[in-house]
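> curious how this folds, go ahead:
(one chain, ligands or ions: 2)
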Amino acid sequence: MSNSSGNHVETAYGLAQERYAALGVDTEKALEKLRQVPISIQCWQGDDVGGFEHVESVSGGGIQATGNYPGKARTADELRQDVEQAIRLLPGRHRFNLHAMYAETGGKKVERNVLQPEHFSRWIEWAKSLGLGIDFNPSCFAHPLADSGFTLSSYDDGIRRFWIEHCVVCRKIGETIGRELRTPCVTNIWIPDGYKDIPIDRKAPRELLRESLDQILAVDIDANHNRDAVESKLFGIGSESYVTGSHEFYLAYAVEKKILLCLDAGHFHPTEMISEKISSIMTFLDEMLLHVSRGVRWDSDHVVILTDELRAIAEELVRNKLLQRVHVGLDFFDASINRIAAWVIGTRAMIKALLIALLEPTDRLRELERSGDYTGRLAMLEELKTLPYGAVWEYYCEQQAVPVGLKWIEEVRRYEREILAGR
Ligand code: RNT
Ligand code: ZN
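Ligands and ions are numbered 1, 2, ... in the order given. Reported below is the predicted structural model:
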């Protein structure tokens, strides 16, 4: 970085710092807090939710990345190399969110219900070397035993048993990951189960799902190392009329079992926002997980950008002091643009949203609200939108020794020429 750009960033930061100080906001404190918030970066953006098992299956549980941008990761080594490149462009220290289908079995076929921690030892060593935590997910889709569209809520005992066993081994893997990396691993269960067309029995599959989950959670796992989460969904491709694991189902289940609830931003009606739900859920649960995503007209998993909803999510976490209790993970997969750029754009947007929220004079706004001055509240909220948070963001990037502004894309383009083009 040249001195002149460094000076420019610092000058702009100094001015911004004064503006915020006038409102009682300490920008240094905000950045100190921001540095401590990890974002869990989803492995599956790197290879279009493919995994490396090469199983034959007719259905992917409705999960499908669109696009065929060249250079996708074909092996775990390539995926690690790619995500390392993305991480070099992100300020702060983050986490990596791994799916069971990214196991490394040394060329041997290992069924998902007998996976062992050793099949993830290379991932764990890699994370250690980079100082990353890892979160984990059973892969209950893209498998012949998921082709019926049902897994943990299947009427077939054998199918159900297989997926119960898979989820149990995943919790054990999560426990090992958490212990090895000295930071608890959040293991999130999402299943695709549902019907394309109108069912006559909505209850029986839910009872089966409850029984399956009970069996999965009955296995004793150290909560210091592994935290269990369940992720709901409203509908999917091929499950338009009914999804067993609905929001109401998992909300009730998470409260009953005191486990984490996962809210995916794309898993509700298009005008229904997860930001609004966080405060209710956190009144009853100790922790939760977010899958920050961007649906466009449906659960399309577009790359996260700095939308009003993203800002609202960050505001809820900051205003209610939930940054320690709500785990922030990303869930998008776009194969129509450079996949590394997708990671960088989405993760940077999430960090920016958190920064903007941390720069809010929340105490003042709260005073206005409690004294009934709604005029003052609205006026201030509107005024805050044009404060110079961009200058604070650029200063943060510089401080963290990552490219300021659009400079990061030059790095991605160089990587595309030197590495991706050869694949
Ligand atoms: C699917 C869920 C789920 C997946 C990942 C790959 O609708 O959102 O979280 O996207 O597990
Ligand atoms: Zn999700």
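
> so what touches stretch 348-362?
With contacts defined as CB atoms under 8 Å, 6 or more residues apart in numbering, stretch 348-362 is touched by 20, 23-25, 27, 30-31, 33-34, 37, 39, 89-92, 292, 304-306, 310-311, 313-315, 317-319, 323, 328, 330, 380, 384, 387, 389, 392-393, 396, 408. For the C-beta atoms, the positions are set from N, CA and C on the backbone; glycine is no exception.

> how close does Arg294 get to Ile221?
Arg294 sits 33 Å away from Ile221, going by CB to CB, to the nearest Å.

> quick one, which of those two is more surrounded?
Arg294 (22 against 18; other CB atoms under 10 Å).

> the more buried one reaches Leu306, doesn't it?
No: look at Arg294 against Leu306 with CB atoms under 8 Å: they stay out of range, at 10.4 Å.

> what's the local residue count around Glu383?
Going by other CB under 10 Å, the residues that sit close to Glu383 add up to 10.

> and the helix or strand containing it, what other elements does it pack with?
Following DSSP states H and E, the helix or strand that holds Glu383 is helix 374-384. Other elements packing on helix 374-384 under the criterion 3 or more CB pairs under 8 Å, 6 or more residues apart in numbering; DSSP states H and E are helix 362-370.

> low-scoring pLDDT stretches of this structure, where are they?
1-6, 54-60 (pLDDT under 70).

> and what about the residue nearest the centre of it, helix, strand or coil?
The centre of the chain sits closest to Gly329, judged by CA atoms, centre = their mean, with a distance of 1.9 Å. Here Gly329 is recorded as strand under DSSP: H, G, I helix; E, B strand; the rest coil.

> look up the closest residue to it, ignoring the ones flanking it.
Of all residues not flanking Gly329 in the chain, Ser40 sits nearest, at 3.8 Å (CB to CB, 6 or more residues apart in numbering).

> assumed that neighbour was part of a strand.
Yes: with three-state DSSP as the criterion, Ser40 is part of a strand.

> could you number the chain from 41 rather than 1 from now on?
Shifting the count to begin at 41 puts that one at Ser80.

> measure it to Ser252 for me?
Computed as CB to CB, the Ser80 to Ser252 distance reads 25 Å.

> buried residues in stretch 268-286, which are they?
268-276, 279, 282-286 (16 or more other CB atoms under 10 Å).

> ok, Gly64 - how many residues close by?
10.

> from memory it sits against Glu407, does it?
No: Gly64 is beyond contact range of Glu407, at 10.7 Å (criterion: CB under 8 Å).

> which one of the buried residues of stretch 268-286 is nearest Ser376?
Distances from Ser376 to the buried residues of stretch 268-286, taken as CB to CB, are shortest for Gly276 (20.3 Å).

> ramachandran coordinates for that closest one?
Torsion angles at Gly276 (phi, psi; degrees, to the nearest 10) stand at phi -140, psi 180.

> repeat that for His331.
According to degrees, to the nearest 10, His331 has phi -110, psi 100.

> can you pull the buried residues of the strand or helix carrying Ala354?
Element membership of Ala354, judged by DSSP H and E, is helix 348-359. By neighbour count with 16+ other CB under 10 Å, helix 348-359 contains the buried residues Glu349, Leu350, Arg351, Ala352, Ile353, Ala354, Glu355, Glu356, Leu357, Val358.
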